[in-house]
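> Whatever this is, show me its structure:
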Amino acid sequence: MAHVPPPPSTPQLAAWTGAFGDAYVERNAPTPTIQRDRVRAFASILRHTDGDPPQSILECGCNVGLNLRALGAMSGAELFAIEPNARARATVLKDAVVEPTRLHEATLAALPFADRSIDLVFTCGVLIHVAPPDLDRALDEVHRVARKYVLAIEYFSQQPEEAPYRGHGGLLWKRDFGLAYLERFPDLSVIEVGFLWKPTSGWDDATWWLFRKG
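Modelled structure (predicted):
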């Protein structure tokens, strides 16, 4: 596993790398049902790249690798990941979700990858936990590393709003993340937008945006 300098400390990072983040790891153990639902969801999303599928994929904030397990089952792409929580990284390595050299201790504040080095870069339920003052930097890093595609799977709100998260404040913000990307990066074009409805998808009412990078 590659090591990079520790990212700057923030209240959000302190929570996710400590006991709060460890508890999240324990709540999100992989199951066959989750694997089935994620495979189905990513197959639906990635079919929009037919003709030019990504050969490399980076998940920013993979936790125990639920998404990467699905991608590994239905895609031949090389998989990369960053994850700040040590317990989550240990699970990813134990289960051989990605190769050790492709898992990094890092955050969206500084991705340890070269410009335009990964075909598809995505977040899933991660941008919502980035404090608003830090969001532009996170989007910049995703955009910088992506070669062809940017994917965001996040909670949506037409207006930016903070929401309590498991009884805590300062840990979750909703907004139109798709619009945030488009307004910041003129070279992105919308491929497709969709919604993962909890009763039928097993996901938590998440909106997804898939962009092509020019």
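> What is the neighbour count of residue 196?
Counted with other Cβ atoms under 10 Å, residues neighbouring residue 196 total 21. (Glycine included, C-beta is placed from N, CA and C.)
> helix/strand/coil for the residue of the chain most remote from its centre?
Relative to the centre of the chain, and counting by Cα atoms, centre = their mean, the farthest-placed residue is residue 51 at 23.6 Å. At residue 51 the chain is in coil, as set by DSSP: H, G, I helix; E, B strand; the rest coil.
> remind me which residues of this protein are low pLDDT?
When the per-residue scores of the chain are filtered using pLDDT under 70, the ranges that remain are 1-8.
> what are the ranges of the strands in it?
If you assign secondary structure with DSSP state E, the strands in the chain sit at 56-60, 78-82, 103-104, 118-124, 146-154, 161-162, 173-174, 188-196, 206-213.
> Could I get these in a markdown table, plus columns for distance to residue 96?
Conversion of the strands of the chain to a markdown table gives the following (distance: least, Cβ to Cβ, whole Å):
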| stretch | distance to residue 96 |
| --- | --- |
| strand 56-60 | 16 |
| strand 78-82 | 11 |
| strand 103-104 | 11 |
| strand 118-124 | 20 |
| strand 146-154 | 24 |
| strand 161-162 | 38 |
| strand 173-174 | 34 |
| strand 188-196 | 27 |
| strand 206-213 | 27 |
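> right, and those - which one's nearest residue 132?
Evaluated over the strands of the chain, closeness to residue 132 peaks at strand 173-174, with 6.0 Å, by Cβ to Cβ.
> Give me the neighbour count for residue 29.
The burial metric for residue 29, expressed as a neighbour count using other Cβ under 10 Å, is 10.
> measure it to residue 87 for me?
Using Cβ to Cβ, to the nearest Å, residue 29 is found at 12 Å from residue 87.
> And residue 149, by the same measure?
30 Å.
> Which one of those two is surrounded by more residues?
For residue 149 against residue 87, the residue with the higher neighbour count under other Cβ under 10 Å is residue 149, and the figures read 23 against 17.
> How about the contacts made by residue 120?
Listed by Cβ atoms under 8 Å, 6 or more residues apart in numbering, the contact set of residue 120 reads 49, 54, 56, 57, 58, 77, 146, 148, 149, 150, 151.
> Neighbours of residue 68, how many?
Residue 68 has 26 neighbours, counted by other Cβ under 10 Å.
> whoops, residue 11 was the one
Residue 11: 11 surrounding residues under other Cβ under 10 Å.
> Likewise for residue 199?
By the criterion of other Cβ under 10 Å, residue 199 has 6 neighbours.
> For beta bridges, what are the partners of the residue most central in space within the chain?
Nearest to the centroid of the C-alpha atoms of the chain, with distances taken as Cα atoms, centre = their mean, sits residue 123, at 1.9 Å. With DSSP bridges applied, the residues forming beta bridges to residue 123 are residue 152.
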